[in-house]
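*Asks:* With the input below, show me the fold.
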Amino acid sequence: MEMKSRTVVCSPAHVAGIILLIAACAAFFIHPFLAVALLSFYVVLCVGACFFPGTNFLGEVVSRGRTGKNYVALTFDDGPSDVTTPKILDLLDRYQAKATFFVSGVNALTHPDIIREIIRRGHEIGNHSMNHDPLVMLKGNQNLQREIQEADQVLRSMGVFAKAFRPPVGIINPELPSLLAQLGLVCVVFSRRARDAGNRRVHDLALKILKEVRGDDIILLHDKPPRRPEDCTILWQELELLLAGIRERGLQIVPLSCLTGEQLMNVDPRLGNVQCGNSN
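*Replies:* Here you go, the predicted model:
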């Protein structure tokens, strides 16, 4: 199956760039410093948008659902891990909840059995780059494309055709939206998180999310092992509190694709499929 290019739409950054460039040219005749200030302002806007992709300033990024209903989606980054992912799958089964796992290529290669198990249990899988390099957005378009495509090839070899890409640490660059459009992928980030630093800070994880969670939120979690073994027990407790708390607030956990209204994964028919109805 080949990737299909998505339509590249002129972003707010392009429009703002043209307007500010024209304004800077006109301002130059008033005072050169004013022209520099306008261009510097544009640079600041673009840099800031890399850290806040949900603004869609650099291009289309999915950060929230589009249903207008009391639905939320759970997403787990950085796995799979044989220490944590199977236990998270068991917990999700208990609550009849479906999630999306944004996996790195290297971890998928290490644990192909867990990838198959994620699919077998009705969950979705997304592309989280090959090596999860937090600095990949600073290393040029060619390197970024290689990271995405290598992870895609790993997943395809397992019968998984992921259509959603989540950038490492949730940071983008100005070239990412057009690159993903060429590859036929959609960029998905998140609207709610506990700032757990990749399960390094798991205390009060549930409370931090539950105090502000609302319908159409895309919740960021991690299925990588905590650095301290004793924190694993805390992680299980926090995840259970989170799942129970979401239900108590009258929210329903649904697959990510149900929030976005767009199919985010295809799989080999022998592996199964994810349906929006398979939720608590």
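*Asks:* which residues of the stretch 1-150 of the chain fall in strands?
*Replies:* Using DSSP state E, counting those that start in this stretch, the strands of the stretch 1-150 of the chain run over 71-77, 99-103, 124-127.
*Asks:* most tightly surrounded among the ones you listed?
*Replies:* strand 99-103 (a mean of 28; mean count of other Cβ atoms under 10 Å). In this view, the C-beta of every residue, glycine as well, is placed from N, C-alpha and C.
*Asks:* could you say what helices and strands that one packs with?
*Replies:* strand 71-77, helix 85-94, strand 124-127 (3 or more Cβ pairs under 8 Å, 6 or more residues apart in numbering; DSSP states H and E).
*Asks:* Now with 6 Å, please.
*Replies:* When contacts are defined as 3 or more Cβ pairs under 6 Å, 6 or more residues apart in numbering; DSSP states H and E, strand 99-103 packs onto strand 71-77, strand 124-127.
*Asks:* Send me the longest one as CSV with only the CA atoms.
*Replies:* Translated: strand 71-77. Written as CSV, here are the backbone C-alpha positions of strand 71-77 (Å, rounded to 0.1, in the frame of the first residue of the first chain):
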residue,chain,number,x,y,z
TYR,A,71,-15.8,11.9,24.0
VAL,A,72,-12.1,11.8,24.9
ALA,A,73,-9.2,9.8,23.4
LEU,A,74,-6.3,8.2,25.2
THR,A,75,-3.0,8.1,23.5
PHE,A,76,0.2,6.4,24.7
ASP,A,77,3.6,7.5,23.4
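*Asks:* on that earlier part again, now tabulate the strands of the stretch 1-150 of the chain in JSON lines and tack on distance to residue 162 and mean pLDDT.
*Replies:* What follows is these, written out as JSON lines (distance: least, Cβ to Cβ, whole Å; pLDDT from 0 to 100):
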{"stretch": "strand 71-77", "distance to residue 162": "13", "mean pLDDT": "98"}
{"stretch": "strand 99-103", "distance to residue 162": "9", "mean pLDDT": "98"}
{"stretch": "strand 124-127", "distance to residue 162": "5", "mean pLDDT": "97"}
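*Asks:* for the ones you listed, which one sits closest to residue 142?
*Replies:* Shortest distance between residue 142 and those, using Cβ to Cβ, is found for strand 124-127: 17.4 Å.
*Asks:* Specify the helix with the largest residue count in the protein.
*Replies:* helix 32-51 (DSSP state H).
*Asks:* neighbouring contacts of that one?
*Replies:* Contacts of helix 32-51 with the rest of the structure, by Cβ atoms under 6 Å, 6 or more residues apart in numbering, involve 20, 23-24, 27-28, 55, 57-58, 171-174.
*Asks:* Also stretch 112-130?
*Replies:* Contacts of stretch 112-130 (Cβ under 6 Å, 6+ apart): 80, 85, 89, 98-105, 108, 147, 150-152, 158, 160, 162, 164-166, 168, 255-256, 264-265, 267, 271-272, 274, 278.
*Asks:* Now do the longest helix of the chain, average pLDDT.
*Replies:* For helix 32-51, mean pLDDT rounds to 89.
*Asks:* List the buried residues in it.
*Replies:* 35, 38-39, 42, 45-46, 49-50 (16 or more other Cβ atoms under 10 Å).
*Asks:* before we move on, what about stretch 206-216?
*Replies:* Across stretch 206-216, burial judged by 16+ other Cβ under 10 Å covers 206, 208-210, 213, 215-216.
*Asks:* tell me how far stretch 111-126 is from the chain's mean position?
*Replies:* 17 Å (Cα atoms, centre = their mean, to the nearest Å).
*Asks:* From start to finish, how long is it in a straight line?
*Replies:* With Cα to Cα, to the nearest Å as the measure, stretch 111-126 spans 15 Å from end to end.
*Asks:* same question, stretch 159-173
*Replies:* 29 Å.
*Asks:* Other residues contacting it?
*Replies:* By Cβ under 6 Å, 6+ apart, stretch 159-173 touches 1, 50-51, 53, 102, 125-129, 132, 134, 136-137, 155, 180, 185-189, 264-268, 271.
*Asks:* Mind doing that once more with 7 Å?
*Replies:* Stretch 159-173 is contacted from outside by 1, 50-51, 53, 58, 61, 77, 102, 115, 119, 125-129, 132-134, 136-137, 148, 152, 155, 176, 180, 185-190, 263-268, 271, using Cβ atoms under 7 Å, 6 or more residues apart in numbering.
*Asks:* got it, and stretch 90-107?
*Replies:* The contact list for stretch 90-107, computed with Cβ under 7 Å, 6+ apart, reads 73-81, 115, 118, 121-126, 128-132, 150-151, 154, 166, 223, 239-240, 243, 253-256, 274, 278-280.
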